[in-house]
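Engineer: got a sequence here, can you model it:
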Amino acid sequence: MQAETWKEPLLKLPLDELKKAQCFVTDLIQTLETLHKSTEDPIVIFPPEDILKIEERRRDKRFDMELEGVCSIVKKQESEVSKDVPIIIKDISKRGLRFITNQSLMPSDILVVTFQLPPTMVSGHVYKNPQKKVYVEIRRVAEFPSPAGLKYDIGAQSIESERVVELAKEEENRALVNKRLAIKGETRVLVVSIKEAQSKRLEEILSKQGYVVCKANQKQQAIALLRKNKFDIVISDIDTAKINEFELLKDIKTEFPQAGLIVEIDVIEDWKNILSLGVNNYLTKNFNDEEFNIILESLHRKLLYKSMFGVDFKKSRSESLNILILSRKEVLKNLLCAESKEKGLKLYFVDDTARSLTVLKRYKIDFVIVDAEITGIEGCQFLINIKKEFPHIETVVISKNLQERCDFLVSGADNFIIEPIESQEIFTVLL
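Structural biologist: Okay, the predicted model is just below:
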């Protein structure tokens, strides 16, 4: 029987070259099977990538290769790296590289990759030195089985060494902020309320935690205390705040813009009314101590970043956000999709925690939205796992139930949204 034309060149190869070709074909089949399988997952990405742009990126001065190298995960400083991990580099371009490894890595990990280019591959102005040391950020991870066990196909984007220094600085900033957060006695909180019982309750909670607390029952007294002493956070209730058309909130934000503001609300409509007045967060009626402590610390952390480093850390992450949404709510999908292009959002919609973990391991995610309605108690464990494996991802929970919301906050959620969902509220939380 006549051999197919694709077989003829293989018949001429020596045994060692044929073995290399066999390895290449095996890896290619496994990669294609993984990619095919991933397209079958009910994971909706919006906006979808343009196929033409993908093909252009693949043709961007790319070299296909089978090259040994090592990678190290950057820790706190450029000189402090983990043990070298062997890798096989499959292709490389100016944009980044793709490699295979048997060690599990995560999207957003920063790596130092070291390898030696064969002299025959060095040409033109792309690579002048065969010894290469590059910095990359992992953007995509695909897992596939092999005879030697699980392997990982990693796609990584090139970054400048200056970015590595910035990341090291961010780690130092986090450590400093965490130290300051632990010293509650340095934080001054002013409680402003016409409700004596409410003031007393808040004072007891705050004092027990070690905060410095003062109380006021009217606007004039509160402003006088703010002028005399520096307060980090002001807490009020909606009945006190809305006196004279929210005069208290307006005057505090005008004269003391650096102070954080938390208001206890009765209904979600109250939150919509005070969003434009500079209120940072809210408490719901009949909140419990755990919910209060988590919201207070979350706001304090944000204020510390601003005061210590002159930036809002959450907004300094990047120009665009990759958001994972675990929800079946069409209203949420429509709100986010409508704003995705203008606000630079890449959205990943899933409907269960298993697929959420797949997305987290496969792509670089900045923010996770969890709908408690479809996860129940499983969602709490899901958030615990996120905080353990992806500590820098911010999370928000959508929930109607007070106790359920508190459970999610204790499990690691950074914030919450109460239904009905409004675009103004959701983008205040995200951005």
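
Engineer: could you find the closest non-adjacent residue to Asp239?
Structural biologist: Ile194 (6.5 Å; Cβ to Cβ, 6 or more residues apart in numbering). Heads up, the C-betas are built off the backbone N, CA and C, glycines and all.

Engineer: quick check: that neighbour is in a helix.
Structural biologist: No: counting by DSSP: H, G, I helix; E, B strand; the rest coil, Ile194 is located in no helix; its state is coil.

Engineer: residues near it, how many?
Structural biologist: Around Ile194 there are 14 other residues, counting by other Cβ atoms under 10 Å.

Engineer: need the contact list for it.
Structural biologist: Contacts for Ile194 (Cβ atoms under 8 Å, 6 or more residues apart in numbering) come out as 217-218, 237, 239-240, 243.

Engineer: Asn102 now?
Structural biologist: 86, 148-152.

Engineer: before we move on, back to that, hmm, which of the contacts of Ile194 are the buried ones?
Structural biologist: 237, 240 (16 or more other Cβ atoms under 10 Å).

Engineer: among the contacts of Asn102, which are located in strands?
Structural biologist: In strands, defined here by DSSP state E, the members of these are 86, 149-152.

Engineer: most widely separated two among the residues you listed?
Structural biologist: Pro86 and Leu150 (14.9 Å; Cβ to Cβ).

Engineer: how many residues are close by Ala197?
Structural biologist: Neighbour tally, Ala197, other Cβ under 10 Å: 8.

Engineer: could you say which helix or strand holds it?
Structural biologist: Assigned by DSSP states H and E, Ala197 belongs to helix 196-209.

Engineer: picking that back up, just give me the closest of the contacts of Ile194 to Glu291.
Structural biologist: Nearest to Glu291 among those, with distances taken as Cβ to Cβ, is Asp237, at 15.0 Å.

Engineer: OK, contacts around the closest one?
Structural biologist: 193-195, 198, 263-264.

Engineer: which of those residues has the most neighbours?
Structural biologist: The most crowded member of the contacts of Asp237, judged by other Cβ under 10 Å, is Val263 (25 neighbours).

Engineer: let me see the mean pLDDT of the helix or strand it falls within.
Structural biologist: Per DSSP H and E: Val263 is located in strand 260-265. In this model, strand 260-265 has a mean pLDDT of 92.

Engineer: equivalent analysis for stretch 422-430, please.
Structural biologist: Averaging pLDDT along stretch 422-430 yields 72.

Engineer: can you check stretch 96-114 too?
Structural biologist: 89.

Engineer: kindly export that stretch (C-alpha atoms) in CSV.
Structural biologist: Extracted as CSV, the C-alpha positions of stretch 96-114 are listed here (Å, rounded to 0.1, in the frame of the first residue of the first chain):
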residue,chain,number,x,y,z
GLY,A,96,5.8,35.9,26.1
LEU,A,97,6.3,32.2,26.0
ARG,A,98,4.6,28.8,26.4
PHE,A,99,6.1,25.9,28.3
ILE,A,100,5.3,22.5,29.7
THR,A,101,6.1,21.6,33.3
ASN,A,102,5.1,18.9,35.8
GLN,A,103,4.6,21.4,38.6
SER,A,104,1.3,23.0,39.2
LEU,A,105,1.5,26.8,38.8
MET,A,106,-1.3,29.4,39.1
PRO,A,107,-2.4,32.3,36.9
SER,A,108,-0.9,35.6,38.0
ASP,A,109,2.3,33.9,39.4
ILE,A,110,5.4,35.9,38.5
LEU,A,111,8.3,33.8,37.2
VAL,A,112,11.9,34.2,36.3
VAL,A,113,12.6,31.9,33.4
THR,A,114,16.2,31.0,32.4
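
Engineer: show me which residues of it are buried.
Structural biologist: In stretch 96-114, counting by 16+ other Cβ under 10 Å, buried: 96-101, 105, 107-113.

Engineer: also stretch 297-315?
Structural biologist: 298-305, 309, 313-314.

Engineer: also stretch 218-234?
Structural biologist: Result for stretch 218-234 [16+ other Cβ under 10 Å]: buried residues 219, 222-223, 225-226, 231-234.

Engineer: with pLDDT and distance to Leu275 added, can I get these in CSV?
Structural biologist: CSV is the format used below for these (pLDDT from 0 to 100; distance: Cβ to Cβ, whole Å):
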residue, pLDDT, distance to Leu275
Lys219, 93, 20
Ala222, 94, 21
Ile223, 94, 22
Leu225, 94, 25
Leu226, 94, 22
Phe231, 94, 22
Asp232, 94, 21
Ile233, 95, 18
Val234, 96, 17
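
Engineer: of all those, which comes closest to Gln381?
Structural biologist: Gln381 lies nearest to Ile233 out of those, by Cβ to Cβ, at 31.1 Å.

Engineer: bridging residues for the closest one?
Structural biologist: Assessed by DSSP bridges, Ile233 has beta-bridge partners Val189, Gly260.

Engineer: wait, it sits on His300?
Structural biologist: Yes: assessed by Cβ atoms under 8 Å, Ile233 is found in contact with His300 at 6.6 Å.

Engineer: where does the prediction get shaky in this structure?
Structural biologist: 1-3, 23, 26-41, 49-64, 75-82, 119-129, 311-319, 431 (pLDDT under 70).

Engineer: need the residue closest to the centroid of it.
Structural biologist: Nearest residue to the geometric centre of the chain (Cα atoms, centre = their mean): Asp366, 2.4 Å.

Engineer: how far away is it from Arg140?
Structural biologist: 15 Å (Cβ to Cβ, to the nearest Å).

Engineer: show me the chain divided up by domain.
Structural biologist: For the chain, the structural domains run 61-161, 183-309, 317-430, going by automatic domain parsing.

Engineer: nearest to Glu172, of these?
Structural biologist: Glu172 lies closest, by Cβ to Cβ, to one member of the domains of the chain: domain 61-161, at 7.3 Å.

Engineer: re the thing from before, can you list the domains of the chain in CSV and add distance to Lys20?
Structural biologist: Shown next, in CSV, are the domains of the chain (distance: least, Cβ to Cβ, whole Å):
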stretch, distance to Lys20
domain 61-161, 7
domain 183-309, 51
domain 317-430, 28
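
Engineer: direction included, what does the helix or strand hosting Leu324 pair up with?
Structural biologist: Per DSSP H and E, Leu324 falls inside strand 321-326. Paired neighbours of strand 321-326 in the sheet (DSSP bridges): strand 345-350 (parallel), strand 367-371 (parallel).

Engineer: most tightly packed of those?
Structural biologist: Comparing these by mean neighbour count (mean count of other Cβ atoms under 10 Å), strand 367-371 ranks first with a mean of 24.
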